[in-house]
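>>> Build me a model from this:
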Amino acid sequence: MDSPLQQFVIRPLFSFELGGYHLVFTNASLFMLLGVSTILALFLVGTRKKSLAPGGLQAALEMIHGFIADMMKDTIDSPEQKAFQPLIFSLFLFILFGNLFGLLPYAYTVTSQLVVTFALASLVFVIVTVVGFYRHGWHFFSYFLPKGIPIFLAPLLIVIEFLSYLSRPVSLSIRLFANMMAGHTMLKVFALFTILLGTTFGLSTLVLNTCLIGFEFMVAFLQAYVFSVLSCLYLRDAIHLH
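Below is the predicted model:
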């Protein structure tokens with residue numbers, strides 16, 4: 001019987017040569033490609049016949065778009081927020097579909113891999129830093145010393161603020177990775193209990209497992225939302241400083 005952690009193993013599907021490099025297409029690559037392809041397909045179909053009285057799919061897409069726009073308005077509160085809306089919208093959908101695809105039987109959860117979540121968090125970190133320097137120049141360093149702080153506390157606070165800033169991609173990536181990995185491991189453990197307990201007591205764990213799957217659907221959306229909200233808060237800090 002497979003270990004609960006066996007579902008997170010990256011397995012090569014096929015390999016090929018490209019430009020002198022040996023590349024391997026894995027199960028993680030497959031589900032990232034499926035997630036992006038599904039998002040593109042939904043938008044191509046949903047926006048094919050634009051209407052003032054939208055159908056079900058177009059209405060759903062507009063609702064998601066409006067949800068992200070309202071979230072950015074509440075967190076960033078700047079006319080410049082529209083420039084970053086495609087970024088936040090894309091991050092939200094990629095993480096959401098990566099989480100949801102992982103709930104399918106025999107599927108792979110790409111957001112359970114730290115390298116994937118860290119890459120997304122690093123992208124946000126780099127963009128936020130570039131925005132901060134582009135908007136404020138060297139004055140951006142004032143972010144690490146809040147106004148009104150006694151001068152004798154400045155050396156300590158600068159170090160704390162700087163380390164806190166550098167830890168953002170780490171905390172942002174680990175939060176998503178740990179929640180998805182822990183949730184799927186828990187589902188696997190209870191699924192094994194259902195099999196081992198048999199028909200006598202297995203029904204109770206089956207009901208519990210069904211409830212846990214519903215809970216994981218909520219977590220899939222919540223983690224995509226949290227990642228997006230924190231990205232918006234980091235952008236707000238880069239735009240407004242303190």
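>>> pLDDT of stretch 32-40, averaged?
Stretch 32-40 shows a mean pLDDT of 94 in the predicted model.
>>> which one is residue 142 nearest to, not counting chain neighbours?
residue 241 (6.4 Å; Cβ to Cβ, 6 or more residues apart in numbering). Quick note: C-beta positions are derived from backbone N, CA and C, even for glycine.
>>> any idea how far the one you found is from residue 231?
17 Å (Cβ to Cβ, to the nearest Å).
>>> and these two? which has more neighbours close in?
Per other Cβ atoms under 10 Å, whichever of residue 241 and residue 231 has more neighbours is residue 231, with 27 against 17.
>>> Just say helix, strand or coil for residue 15.
Of the three states, residue 15 takes strand under DSSP: H, G, I helix; E, B strand; the rest coil.
>>> May I have the helix or strand containing residue 155 as PDB, with CA atoms only?
Residue 155 belongs to helix 154-166 when assigned by DSSP states H and E. C-alpha atoms of helix 154-166 as PDB (Å, rounded to 0.1, in the frame of the first residue of the first chain):
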ATOM      1  CA  ALA A 154      17.100  52.600  14.200                       C
ATOM      2  CA  PRO A 155      20.000  50.000  13.800                       C
ATOM      3  CA  LEU A 156      17.900  47.200  15.300                       C
ATOM      4  CA  LEU A 157      14.700  48.100  13.400                       C
ATOM      5  CA  ILE A 158      16.500  48.400  10.100                       C
ATOM      6  CA  VAL A 159      17.900  44.900  10.500                       C
ATOM      7  CA  ILE A 160      14.500  43.500  11.500                       C
ATOM      8  CA  GLU A 161      12.600  45.200   8.700                       C
ATOM      9  CA  PHE A 162      15.200  44.100   6.100                       C
ATOM     10  CA  LEU A 163      15.200  40.500   7.300                       C
ATOM     11  CA  SER A 164      11.400  40.500   7.300                       C
ATOM     12  CA  TYR A 165      11.400  41.900   3.800                       C
ATOM     13  CA  LEU A 166      13.800  39.200   2.600                       C
END
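>>> Downstream of that helix, the next helix or strand is which one?
Helix 154-166 is succeeded, C-terminally, by helix 168-240 (DSSP H and E).
>>> Give me the distance from stretch 31-49 to the chain's centre.
Between the centre of stretch 31-49 and the centre of its host chain there is 18 Å, according to Cα atoms, centre = their mean, to the nearest Å.
>>> Ok, stretch 231-238 next?
Distance, centroid of stretch 231-238 to centroid of chain: 16 Å (Cα atoms, centre = their mean).
>>> Mind listing what's buried along stretch 59-70?
Across stretch 59-70, burial judged by 16 or more other Cβ atoms under 10 Å covers 61, 68.
>>> contact partners of it?
42, 43, 46, 47, 54, 85, 88, 89, 92, 93, 228 (Cβ atoms under 8 Å, 6 or more residues apart in numbering).
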